[in-house]
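Asks: need a 3D model of the sequence below.
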Amino acid sequence: MSASELPGDWSRWRTEVDLDDYDERWARMAAAGQNPHGEADLVASYRPAAVLDGGCGTGRVAIELARRGVAVVGVDPDPDMIAAARAKAPSLRWLRLGLQELDRGLGPTERFDLVVLAGNVVPYVAAADRAAAIARCAGRLVPGGRLLAGFQLQDGWPTLADYDRWCAEAG
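Replies: Below is the predicted model:
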């Protein structure tokens, strides 16, 4: 997926956000004694050995999980986000593709204990691709694996009923 194919909500957000400032936000939180790793804490509480960080952005969650000993693959369709993640952690595996394209970037038998979609990943997938993205993520789970997603509820974005339906359809 090219950056020009990213949904309008994502494109608007990216024009408003400088990636250096975005990353600095998390450093400021840590410097103020706050925890910038809440998502990684939640993921780690499930004790996964392998995680797919879908919509990994600049790599904050994936890098923290790797620091904790979790095997992690980061996926994001935004070229600038993936470039930033690679620059911070070149030893990790970063794939530039949309979640609906996971089969193109992962080996046929590659599976994960947990797929995390943190930070409005689902609404930032193009509307026509959302069901396929959830299906591809679910299809990459080991038996008993978990798909963990978090996103805001707002007008024009997926509802919980939409998300639940996509998950049910994905099995």
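Asks: buried residues in the longest strand along the chain?
Replies: The residue-count maximum for a strand in the chain (DSSP state E) belongs to strand 141-149. For strand 141-149, a neighbour-count test (16 or more other CB atoms under 10 Å) marks 141, 145-149 as buried. C-beta here means a position set from N, CA and C on the backbone, and glycine is covered the same way.
Asks: partner strands of it, with direction?
Replies: strand 112-117 (parallel) (DSSP bridges).
Asks: using PDB, write down the CA coordinates of the partner strand.
Replies: Extracted in PDB, the C-alpha atoms of strand 112-117 (Å, rounded to 0.1, in the frame of the first residue of the first chain):
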ATOM      1  CA  PHE A 112       2.100 -15.100  16.700                       C
ATOM      2  CA  ASP A 113       0.800 -15.500  20.300                       C
ATOM      3  CA  LEU A 114      -0.600 -12.000  20.100                       C
ATOM      4  CA  VAL A 115      -1.300  -9.400  17.500                       C
ATOM      5  CA  VAL A 116      -1.600  -5.900  19.000                       C
ATOM      6  CA  LEU A 117      -3.300  -3.000  17.200                       C
END
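Asks: now that strand: how far from the chain's centre is it?
Replies: Mean-position distance between strand 112-117 and its chain equals 9 Å (CA atoms, centre = their mean, to the nearest Å).
Asks: got it, and stretch 158-171?
Replies: So, by CA atoms, centre = their mean, the centroid of stretch 158-171 is 17 Å from its chain's centroid.
Asks: and if you look at stretch 92-105?
Replies: Its chain's C-alpha centre and that of stretch 92-105 lie 11 Å apart, by CA atoms, centre = their mean.
Asks: mind listing residues that contact that stretch?
Replies: Residues from elsewhere that reach stretch 92-105, judged by CB atoms under 8 Å, 6 or more residues apart in numbering: 1, 5, 52, 54-56, 59, 62-63, 66, 72-79, 82, 85-86, 106, 117, 121, 125-126, 129, 132-134, 136-137, 139-140.
Asks: which residue sits closest to residue 19, ignoring its sequence neighbours?
Replies: residue 84 (5.3 Å; CB to CB, 6 or more residues apart in numbering).
Asks: what's the pLDDT at that neighbour?
Replies: On the pLDDT scale, residue 84 is placed at 93.
Asks: cool, the one 10 residues further on as well?
Replies: Confidence per residue is given as pLDDT, and for residue 94 that number is 98.
Asks: tally of neighbours for it?
Replies: 23 (other CB atoms under 10 Å).
Asks: thanks again, I'm all set now.
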